[in-house]
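>>> Here you go, sequence then predicted model.
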Amino acid sequence: MFSDTVIVHWDNEASPTTLGCIPSTRSIYPVEADLNVSENGVSWTTATGNVINIQATFIFGATVVSNPTQSVRTLHSSAVLRRGLEAIQANNAPGNSSFWLLHAVELSRGRKDKQPGIRQILLQSKNAGARQCVEAVIAAAGLGQLSKKILVLINPFGGTKKAKHIYEHVVQPMFQIAGLKIDLHETQATEHATEIARTLPLDQYSAAITISGDGVFHELINGLLTRPDWEQARTLPVGIVGSGSANAMSKNLDTMFPELAALSVIKGQTRPMDVFSVTQNETVMYSHLQLMWALLADVDFESESYRWMGGDRMTVAAIIRILRLRTYHGKLYLLPVNQADQYRKSPSSSTQPSALGPPRLYTSDPLQHEHWPQIISTTFTYFLATNLPWISSDFLAAPSSRLADGALEVVYSETMSSVQALQSVADPESGKYLQFPFIKTSRVRALVLEPHGWSWNKDGVTDRKEDKWLDVSGEKISASPVRVEVHPGVMNVLAPVWLDEDEWSRHAHKAKMTA
Ligand SMILES: Nc1ncnc2c1ncn2[C@@H]1O[C@H](COP(=O)(O)OP(=O)(O)OP(=O)(O)O)[C@@H](O)[C@H]1O
């Protein structure tokens, strides 16, 4: 616990009444107060007993300033954040200053699903000096964990093309205030992120993040896990500031706004995350989100031509494809989680042709799956295997999935009609579609999918056309057989402390009860 007496310079015009992290107050500022800094956060108490507490979770920096001007007094919003930065740079942290700034993300009505702001509060130390105060705040707020460089990969052309704007207006200023060292790269083309991740000098970095959609995040993971030194690479914390159109990973991490995502990176806290491998012939790919085939893959790829619509592109593509629903033919081998152990091969006995990365215990041998307990040879209109609950920011596909549960949730339908498909995509945020009798699910450790082409006709493959594509976390791969397996807890993902992974199950349960 650190204490001091401070003068808080608050802008009396800026009412703090709706601040999530800063409770309401009606003191007249500037006001003298007793400052307390602890692992709970920063609080000050005025002579009239008014207490303000700013939770440590939302503090992302504290900086010494001198010669404060009106412009650095209690600023709010991302736009003024840049003006605040200029002031810090101009003043350049003099040693004996008594003025310092506290930087915090400010929730709107305490909610993480509303656009948050940034707040900078000017304080003046009466006794200890600004530098002591700042050091106490930095330690208490758990800052300074990431001492080496942060690799930042920006896809300027992903989603609605906002990645650069997000970086310049939110991420870069916040990282700079937090004292992070940034190594910035713009991706030039598909697979560029994979190449950078494959050749990264790991020991120079504390973390690697993307400002992108799930496609580039997938490339980062795939690059790290297909290195000869993947065992070291997998320990590098990875993170994402969502700027795609679907932003599934950001939704799964409960960091839908760049301010929250940047804060989560700055704090440097990680959780283990499963990834899955996709083996096709001799090629192995690692990914974090999902494998899609049939309707969902068609919609994802066909929606590319509606990119100009932004987030609505999926809905439009879904309706068009559902009205002309294809029947896919194939064979599916499933290895349920609770039966997996008996089918496991030891890493040494498994053949891993030309493969780097986590050992495949169930799918390294091309014929290993022939004896698995569930083999389904049928038609499919719908097929999804997901590693995470949300497969886009508005589609809760598997509410019971967790970041590191060692399982993929397989969801498929053999018989779904166009009308049923429309029913299943209605209310996608509720997870309700899983209750329909025409939807089947299975929690598996591994699966093998052998696509056999598609037709317009459910009764047979007489009018089979060329194979369509498979979709691995947004990446297109050919529709030839794939062997897929989960690698439990292989990566460490930068995740905020507020992430409650049980939230999605509760959310789906509530939706079920109100149905
Ligand atoms: N400079 C570039 N030009 C063209 N394509 C790029 C470039 N950089 C990356 N890509 C490719 O863009 C694809 C999509 O990127 P990203 O995941 O950022 O956005 P998105 O697909 O719109 O997001 P979401 O998954 O949320 O829909 C990736 O597969 C990546 O390989």
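Sure, I can see it.

>>> Who are the contact partners of Leu263?
By CB atoms under 8 Å, 6 or more residues apart in numbering, the contact set of Leu263 is Phe58, Phe60, Val105, Met174, Thr255, Pro496. C-beta here means a position set from N, CA and C on the backbone, and glycine is covered the same way.

>>> got those residues as TSV, with neighbour count and secondary structure columns?
Formatted as TSV, the contacts of Leu263 follow (neighbours: other CB atoms under 10 Å; DSSP: H, G, I helix; E, B strand; the rest coil):
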residue	neighbour count	secondary structure
Phe58	25	helix
Phe60	24	strand
Val105	24	strand
Met174	25	helix
Thr255	27	coil
Pro496	18	coil
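
>>> any chance of these in TSV, with pLDDT and distance to the ligand too?
Shown next, in TSV, are the contacts of Leu263 (pLDDT from 0 to 100; distance: CB to the nearest ligand atom, whole Å):
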residue	pLDDT	distance to the ligand
Phe58	95	26
Phe60	94	24
Val105	91	23
Met174	91	20
Thr255	97	14
Pro496	97	19
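
>>> Quick check: pLDDT value at the nearest residue to Glu414 once chain neighbours are set aside.
Take Glu414 and drop its neighbours on the chain: the residue closest to it by CB to CB, 6 or more residues apart in numbering is Thr378, 4.8 Å away. The score at Thr378 is 88. That number is its pLDDT.

>>> And the closest residue to the ligand within the chain, how close does it get to Arg307?
With CB to the nearest ligand atom as the measure, Gly213 is the residue of the chain nearest to the ligand, at 1.7 Å. Relative to Arg307, Gly213 is positioned 11 Å away (CB to CB, to the nearest Å).

>>> With Arg271 instead?
Distance from Arg271 to Arg307, by CB to CB: 32 Å.

>>> can you check Pro173 too?
Note on Pro173: its distance to Arg307, by CB to CB, is 29 Å.

>>> got it, and Ser346?
Remark: distance between Ser346 and Arg307 (CB to CB) = 46 Å.

>>> ok, the two, which is more surrounded?
Remark: of Ser346 and Arg307, Arg307 carries more neighbours, 13 against 8, as counted by other CB atoms under 10 Å.

>>> hmm, back to that, specify the local secondary structure of the residue nearest to Glu414.
strand (DSSP: H, G, I helix; E, B strand; the rest coil).

>>> Give me the below-cutoff pLDDT ranges for this structure.
Residue ranges of the chain with pLDDT under 70: 10-29, 67-95, 310-311, 347-355, 457-467, 515.

>>> Please name the bridge partners of Val486.
When bridges are called by DSSP bridges, Val486 pairs up with Phe276.

>>> Neighbours of it, how many?
Val486 sits with 27 neighbouring residues when counted by other CB under 10 Å.

>>> can you check the one 4 residues further on too?
The tally of other residues near Val490 (other CB under 10 Å) stands at 24.

>>> so who does it touch?
Contacts of Val490 by CB under 8 Å, 6+ apart are Leu225, Arg234, Pro272, Met273, Asp274, Val275, Tyr286, Pro358.

>>> I figured the second one was touching Gly223, is that so?
Read it as Arg234. No. The pair Arg234 / Gly223 is not scored as a contact, 11.5 Å apart, by CB atoms under 8 Å.

>>> These two: which has the busier surroundings?
Gly223 (24 against 21).

>>> what about the more buried one, which SS state?
Secondary structure, three-state DSSP: Gly223 is helix.

>>> List the residues that contact it.
Gly223 touches Ala193, Thr194, Glu195, Ile196, Ala197, Arg198, Leu200, counting by CB under 8 Å, 6+ apart.

>>> Understood, closing this out.
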